[in-house]
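Enquirer: I'd like to go over a predicted model; first the sequence, then the structure.
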Amino acid sequence: MVKFTEEMKDGLRVPGKGGSLVYLCTSSLDGKPNIAAMRFVATHMEDKILIADMFLLKTKMNIKENPNVTVAICHPLKEGRWWAFKGKAVDIEYGFPRDFDWYGANATDILNEWGDWNRSEPPEEVPPDIVFPKAAQRGVVVVHVEEAYSIEPGHAGEKIL
Amino acid sequence: MTVKLTERMQAWIEKMGCHLCVATPQGVPYVALGRYARVTGEDEVAFALAKDELSVIYPALSVNPWVAFGVSHQGGIRASFQFKGIGHLVKEGPLFDNIAKDAEAVDTYAVLYVKISEIYCTKPGAEAGQRLDIMSPDEVCDWEKVRWKDIPRK
């Protein structure tokens, strides 16, 4: 079973709190890849990554038909965050049954804590010209991490979790 | 449709390198870094890959040529685009040498050329997911200039 290190937990937070921007990589069921940057990120339990569903489009469509995803650090505020996490994801949206469970993560707990992310962790570090004008959160993507590998030059592909 | 990378897109891609995403035909995505990137045509980008970096994506790429990529580092924020296209690997010959000789930071084992056919805006907000390759090149430039003017120096 995967268990995040403290370093990973520090990195998988919003950049405003010292974390890193991540790329959420998905694929359609027939293998067309998709990659998009995400700011609202956090860890949950010991093996879950949470990402806000604010303006997901193709990413959401892919997850609906194919839960396989990879999360990689794309904007490391600190050196050494050469991580790519692989696992399965679901987008827990408002309207899901409140007792919905994803590998032990509960919809009510997650939406109560992370359902209004822009308010709880506003993007104050984001420059005005690129900040999003209106944050409309539709849910939370929950990634159940099953393994992680390095993307560090010289060690790319090595399993780290 | 004509795909033409804008000057700003080219600068961000070449300055920051990119995160490359491929997927198996069954839809399992893999990510590797394209640390050295060079725009080799109006709709083409080449990436120098070390052996270990190629090993991450080769099992998928060898059976499914689709590649999606976004700009690494600050580019994930400032250059909020997603590029998609068909990739092909070169391990020797002029197309290999052309990139490998300049990719000093990479112990180049293979060069991945990606012919881009789709460009998307990934800026969070109402325009997230908007497809840009359906516009004319001039329209894309105008669209971009209204939103961003920062072009990184090499």
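Expert: In hand now; what should we look at?

Enquirer: and stretch A:66-83, what's its mean pLDDT?
Expert: For stretch A:66-83, the mean pLDDT works out to 96.

Enquirer: Summarise which helices and strands whichever strand or helix holds B:Ile57 is packed against.
Expert: B:Ile57 is part of helix B:51-61 when elements are defined by DSSP states H and E. Secondary-structure packing of helix B:51-61 (3 or more C-beta pairs under 8 Å, 6 or more residues apart in numbering or on different chains; DSSP states H and E): strand B:18-23, strand B:29-34, strand B:81-90, strand B:110-121. For the C-beta atoms, the positions are set from N, CA and C on the backbone; glycine is no exception.

Enquirer: Could you export the helix or strand of chain A with the lowest mean pLDDT as CSV, CA atoms only?
Expert: Ranked by mean pLDDT, DSSP states H and E, the weakest helix or strand in chain A is helix A:117-120, scoring a mean of 95. Presented in CSV, the C-alpha positions along helix A:117-120 are these (Å, rounded to 0.1, in the frame of the first residue of the first chain):
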residue,chain,number,x,y,z
TRP,A,117,-11.4,25.6,-2.4
ASN,A,118,-11.1,29.0,-3.9
ARG,A,119,-12.5,30.5,-0.7
SER,A,120,-10.4,28.4,1.7
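
Enquirer: From chain A, how far off is B:Ala48?
Expert: As defined by C-beta to the nearest C-beta, to the nearest Å, B:Ala48 lies at a distance of 11 Å from chain A.

Enquirer: ok, now B:Lys84?
Expert: For B:Lys84, the distance to chain A - C-beta to the nearest C-beta - is 8 Å.

Enquirer: got it, and B:Val67?
Expert: Applying C-beta to the nearest C-beta, the value for B:Val67 to chain A is 7 Å.

Enquirer: Tell me the helix or strand right after the least confident helix or strand of chain A.
Expert: Counting by DSSP H and E, the next helix or strand C-terminal to helix A:117-120 is strand A:139-150.

Enquirer: Now do that following strand, average pLDDT.
Expert: For strand A:139-150, mean pLDDT is 98.

Enquirer: Now do it: which elements does it pack against?
Expert: Using 3+ C-beta pairs under 8 Å, 6+ apart as the contact test, the elements touching strand A:139-150 are strand A:48-53, strand A:68-75, strand A:83-93, helix A:107-114.

Enquirer: ok, now with 7 Å
Expert: Helices and strands touching strand A:139-150, by 3 or more C-beta pairs under 7 Å, 6 or more residues apart in numbering or on different chains; DSSP states H and E, are strand A:48-53, strand A:83-93, helix A:107-114.

Enquirer: Which helix or which strand is home to B:Trp12?
Expert: Secondary-structure assignment from DSSP H and E places B:Trp12 in helix B:7-16.

Enquirer: For that helix, name the packing helices and strands.
Expert: Helices and strands touching helix B:7-16, by 3+ C-beta pairs under 7 Å, 6+ apart, are strand B:36-41, strand B:66-71, helix B:75-78.

Enquirer: ok, 10 Å please
Expert: Helices and strands touching helix B:7-16, by 3 or more C-beta pairs under 10 Å, 6 or more residues apart in numbering or on different chains; DSSP states H and E, are strand B:36-41, strand B:44-49, strand B:66-71, helix B:75-78, strand B:81-90, helix B:137-147.

Enquirer: what residue ranges in chain B score low on pLDDT?
Expert: Regions of chain B meeting the criterion pLDDT under 70 cover residues B:1, B:154.

Enquirer: residue closest to the middle of it?
Expert: Most central in chain B under C-alpha atoms, centre = their mean is B:Phe69, positioned 4.7 Å from the mean C-alpha point.
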